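In: This is a predicted model, with the sequence first.
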Amino acid sequence: MFQNQCDPSCIPYLGMYLTDLSIIEEGTPGNTEGGLVNFSKMRTVTNYLLDANRLLDDDQTYRASLEIEP
């Protein structure tokens, strides 16, 4: 994935993640035809959330906000 190639100081475009998650949520059933949980869907959602979270480092974000503050 492209995000794996960027340096740690990149800012994730959250709109892309939200769009992808919306498409997954609306286009993929939460349960299989047999009424079981669709683990494939849950795995995909988890991977998107982990990928977005990997780019968000609280300490780094806080230091950047201190530098930007007037």
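Out: Looks like it came in fine.
In: Not counting the helix or strand that contains Thr19 itself, show me its contacts.
Out: Assigned by DSSP states H and E, Thr19 belongs to helix 14-27. Applying C-beta atoms under 8 Å, 6 or more residues apart in numbering, the contact partners of helix 14-27 are 41, 44-45, 48-49, 51-52. To be clear about C-beta, it is placed using only N, CA and C from the backbone, and glycine gets the same treatment.
In: Just the buried subset of those residues, written out for PyMOL, thanks.
Out: The buried subset of these, as determined by 16 or more other C-beta atoms under 10 Å, is captured in PyMOL by this line:
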select buried, resi 41+48+52
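In: Among the contacts of helix 14-27, which lie within helices?
Out: Members of those lying in helices (criterion: DSSP state H): 41, 44-45, 48-49, 51-52.
In: could you redo those as JSON lines and give each row distance to Glu67 and pLDDT?
Out: Shown next, in JSON lines, are these (distance: C-beta to C-beta, whole Å; pLDDT from 0 to 100):
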{"residue": "Lys41", "distance to Glu67": "40", "pLDDT": "94"}
{"residue": "Thr44", "distance to Glu67": "36", "pLDDT": "93"}
{"residue": "Val45", "distance to Glu67": "34", "pLDDT": "93"}
{"residue": "Tyr48", "distance to Glu67": "29", "pLDDT": "88"}
{"residue": "Leu49", "distance to Glu67": "28", "pLDDT": "87"}
{"residue": "Asp51", "distance to Glu67": "26", "pLDDT": "84"}
{"residue": "Ala52", "distance to Glu67": "23", "pLDDT": "80"}
